[in-house]
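Visitor: Could you look at this predicted model? Sequence included:
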Amino acid sequence: MVNEWGFSSPIDNDSERQTKEAVSVLGLGPMGQALAGAFLKNGHPVTVWNRTPGKSDELTRQGAVLAESVTDAAAASELIIICVLDYNAVRSILSPAVEELKGRTVINLTADTPERAREMAGWASANGIDYVDGAIMANPDHWRGHGCHFIQRLGGCIPAA
């Protein structure tokens, strides 16, 4: 299908146009649970994975799919969000799934130093992974719909489009 500006698109009907992108969330601490819940609330198919079993129960009741492994979670979505303790944990979690992550986008919302962020970006690039490093400057309640829809910056909230 070609739109009014001459760009072609594989989407040929309105229902496909409105389909939400699938997201995998790795790490189900308070922030990971809030992130996954926000995606579910907004209609995204969500796959979740956590090192510690049992943290996904509420999310699976809401419709999330629990991946048996990080490789399964990585293979389930083109967009993977990870929010865990530190970059050592990020690397140990992502390394076994490096083949499944190639060509996908990883958004790392784990807090660490700028140097560690650059190292992680280099590792991702060397492995063919699109990588975005970010930081969350809000508490999990903001993600649950009490003040911020996507990310909070020093200037305030930026609502999701």
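Guide: Looks like it arrived, so ask away.

Visitor: And the helices in the chain?
Guide: 14-17, 30-41, 57-61, 70-76, 87-94, 98-101, 114-126, 140-143 (DSSP state H).

Visitor: Identify whichever of those helices lies nearest to residue 133.
Guide: helix 114-126 (4.3 Å; C-beta to C-beta). Backbone N, C-alpha and C define where each C-beta goes, glycine included.

Visitor: could you check the angle helix 87-94 makes with the closest one?
Guide: Put simply, helix 114-126 runs at 20 degrees to helix 87-94, going by axes from the mean of the first three to the mean of the last three C-alpha atoms, to 10 degrees.

Visitor: Make residue 1 into 708 and carry on from there
Guide: From this message on, residue numbering opens at 708, which makes the last subject helix 821-833.

Visitor: which residues make contact with helix 821-833 from outside it?
Guide: By C-beta atoms under 8 Å, 6 or more residues apart in numbering, the residues outside helix 821-833 that reach it are 794, 797, 798, 808, 813, 815, 837, 838, 840.

Visitor: Can I get the buried ones among those residues as something I can paste into ChimeraX?
Guide: To isolate the buried subset of these in ChimeraX, counting by 16 or more other C-beta atoms under 10 Å, use the following:
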select :794,797,808,813,815,837,838,840
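
Visitor: Would you format the contacts of helix 821-833 as a markdown table with pLDDT and distance to residue 743 included?
Guide: As requested, the contacts of helix 821-833 are exported to a markdown table (pLDDT from 0 to 100; distance: C-beta to C-beta, whole Å):
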| residue | pLDDT | distance to residue 743 |
| --- | --- | --- |
| 794 | 95 | 21 |
| 797 | 97 | 17 |
| 798 | 97 | 21 |
| 808 | 98 | 18 |
| 813 | 96 | 16 |
| 815 | 95 | 15 |
| 837 | 96 | 21 |
| 838 | 95 | 20 |
| 840 | 92 | 20 |
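
Visitor: which one of the contacts of helix 821-833 sits closest to residue 734?
Guide: Looking across the contacts of helix 821-833 and measuring by C-beta to C-beta, the closest to residue 734 is residue 797, at 8.7 Å.
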